[in-house]
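A.B. asks: have a look at this prediction, sequence included:
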Amino acid sequence: MRHYSVQPVSSLRGEISLPGDKSIAHRAIILSALCKNKTVIENFPANRDCLSTINVFKQLGVKILFNKRTSVAAVFGKGLFGLNKPEKPVFILESGTTLRLLIGLLAGQSFTVTLIAGKALSQRPMSRVTKPLRLMGAEISAKQKKQNMKNEEYPPIIVRGGKLHAITYKMPLASAQVKSALLLAGLYAEGRTEVVEPVKTRDHTEQMLKLFKAGIKIRSNKVSIIGKKRLISSGKIYVPGDVSSASFFIVAAMIIRGSELKIKNVSLNPTRIGIIRVLKRMGADIEAENERRKTPNFEPMGNLKIKSSRLKGTVVMKAEIPSLIDELPILMVAACFAKGKTEFQGVEELRVKETDRIKSMCVNLKKMGASIKVVKSQGREKIVIIGAGQLKGSKVKSFNDHRTAMSMIIAGLAAEGTTLLDDISCINKSFPEFIRFLKTLTREI
């Protein structure tokens, strides 16, 4: 396998507009498929995960046309009860969002579907989704395996769709994917389904359901939906730029001196910009401008202006983690260049992402000279980093995880000496254009 070589650069400068937000794009396809008219989705990202969602709904009988050149997807919806039984088991690849949301949606259908996942996704726990859905009357079976002295469920998963009833479910763990799966199941349930979160998580599903005229009500950490209500498409959706993808460029501009960057039309959803709030607390020079909504009653978006900054350490509380869970790897890189101590509390959820991201980031950053440790106490974990203001180039690994790989490339751009990364193919999962965008901001790569 050929290593990818990263050399330090003197600065990042320029303007970029990023592909659409992955989380929003998944939901746009799903809800468009459940309407009886055509929906055009603009700025749809051509990453592996979102293309997996398109493929799944094609297997469920939905006509979808996607033009990669224009980033436009046209979905010819079949209505709430119009999906077809697929001819064979549905292969999800490695998209955890696709799988978990689909389990909820399929629970209310009139047919049985077998869902098969890729190697990494087949190791990720699914009980957090399957158990509450069974409380609604869903019939779901899955591969059983003991984990930490408890029975856990993993793909492949068989969903036998049928009649569902509404429940009120208090979530033991904050998870936007679990909440979304229950709300999608709630579309088919008799009565009003209510989900109560311990802390508010990203609300893209709620915003999308409002856009599609669903019977949804939002009160702080409580979300409820009335079942059997017809969805109505607005006809056109613009997907704002992905803030998780933007985070790599934001941190790069922060830690590489002389950098000045503008990211246009990026999502500014308050439940997704935890990384911006934390970076500002660390002293980041970052400004949001022209905040607006491209589609009425939908996601806020705007431009971000970023300049290199002298960062200082901070404490990221457990309650903040849901709003920046995917950005923790790159925030750990930022902490290495900050002055003083940074703590990330309640990060144990990173153990069950595409890879164990606590392990992948700690192993790699230690190789690059970072002072980093994991503290465990009463089932909780926190990461402590003492910033030294620099890293040194080294041989690092992606661990076949897209966010680890991109974080290490950014670390390499700001480090002293050459950084060699074992594999970058995993980046295609979420952001295949990542390297191309980096090259537009510096001619030194």
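C.D. replies: Structure's in. What do you need?
A.B. asks: partners of the longest strand seen in the chain, with directions?
C.D. replies: Longest strand in the chain by number of residues (criterion: DSSP state E): strand 150-160. In the sheet, strand 150-160 lines up against strand 112-116 (antiparallel), strand 139-147 (antiparallel) (DSSP bridges).
A.B. asks: worst mean pLDDT among those?
C.D. replies: Ranked by mean pLDDT, those end with strand 139-147 at the bottom, a mean of 89.
A.B. asks: packing partners of the lowest-mean-pLDDT helix or strand in the chain?
C.D. replies: Per-element confidence for the chain was summarised using mean pLDDT, DSSP states H and E. The lowest value among helices and strands belongs to strand 285-293, with a mean of 85. Packing contacts for strand 285-293, counted by 3 or more CB pairs under 8 Å, 6 or more residues apart in numbering; DSSP states H and E, involve helix 243-255, helix 274-281, strand 300-307. (Glycine included, C-beta is placed from N, CA and C.)
A.B. asks: now with 10 Å?
C.D. replies: The criterion is 3 or more CB pairs under 10 Å, 6 or more residues apart in numbering; DSSP states H and E, and the helices and strands that strand 285-293 contacts are helix 243-255, strand 260-267, helix 274-281, strand 300-307.
A.B. asks: what's the closest of the ones you listed to Lys373?
C.D. replies: Across these, Lys373 has its closest neighbour in helix 274-281 (19.7 Å, CB to CB).
A.B. asks: quick one: buried residues of that closest one?
C.D. replies: Of the residues in helix 274-281, those buried under the neighbour-count criterion (16 or more other CB atoms under 10 Å) are 274-276, 278-279.
A.B. asks: still on that earlier bit, out of the helices and strands packed on strand 285-293, indicate the one that is most buried.
C.D. replies: Between these, the one whose residues have the most neighbours on average, counting mean count of other CB atoms under 10 Å, is helix 243-255 (a mean of 27).
A.B. asks: what's the angle between it and strand 260-267?
C.D. replies: With axes from the mean of the first three to the mean of the last three CA atoms, to 10 degrees as the basis, helix 243-255 and strand 260-267 are set at 160 degrees to each other.
A.B. asks: got the contact list for Cys50?
C.D. replies: 19-26, 28-29, 44, 66, 73, 95, 97-98, 239, 429-430 (CB atoms under 10 Å, 6 or more residues apart in numbering).
A.B. asks: quick one on the thing from earlier: what is the orientation angle of the least confident helix or strand of the chain with helix 243-255?
C.D. replies: Orientation check (the same axes, to 10 degrees): strand 285-293 against helix 243-255 gives 150 degrees.
A.B. asks: most tightly packed of the strands paired with strand 150-160?
C.D. replies: For the strands paired with strand 150-160, where neighbours mean mean count of other CB under 10 Å, the stretch averaging the most is strand 112-116, with a mean of 18.
A.B. asks: what segments of the stretch 1-150 of the chain are strands?
C.D. replies: Assigned strands in the stretch 1-150 of the chain, in chain order: 4-6, 13-17, 38-42, 63-67, 72-76, 90-91, 112-116, 139-147, 150-160 (criterion: DSSP state E, counting those that start in this stretch).
A.B. asks: could you dump those to a markdown table with distance to Phe248?
C.D. replies: Formatted as a markdown table, the entries for those read as follows, by distance: least, CB to CB, whole Å:
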| stretch | distance to Phe248 |
| --- | --- |
| strand 4-6 | 13 |
| strand 13-17 | 11 |
| strand 38-42 | 23 |
| strand 63-67 | 25 |
| strand 72-76 | 24 |
| strand 90-91 | 29 |
| strand 112-116 | 31 |
| strand 139-147 | 31 |
| strand 150-160 | 29 |
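A.B. asks: using PDB, write out every CA atom in stretch 186-193.
C.D. replies: Coordinates of the C-alpha atoms in stretch 186-193 are reproduced here as PDB (Å, rounded to 0.1, in the frame of the first residue of the first chain):
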ATOM      1  CA  GLY A 186     -43.500   7.400  14.300                       C
ATOM      2  CA  LEU A 187     -44.700   8.400  10.800                       C
ATOM      3  CA  TYR A 188     -46.400   5.000  10.600                       C
ATOM      4  CA  ALA A 189     -47.500   4.600  14.200                       C
ATOM      5  CA  GLU A 190     -51.000   5.000  15.600                       C
ATOM      6  CA  GLY A 191     -51.100   8.100  17.800                       C
ATOM      7  CA  ARG A 192     -48.400  10.600  18.800                       C
ATOM      8  CA  THR A 193     -44.800   9.200  19.300                       C
END
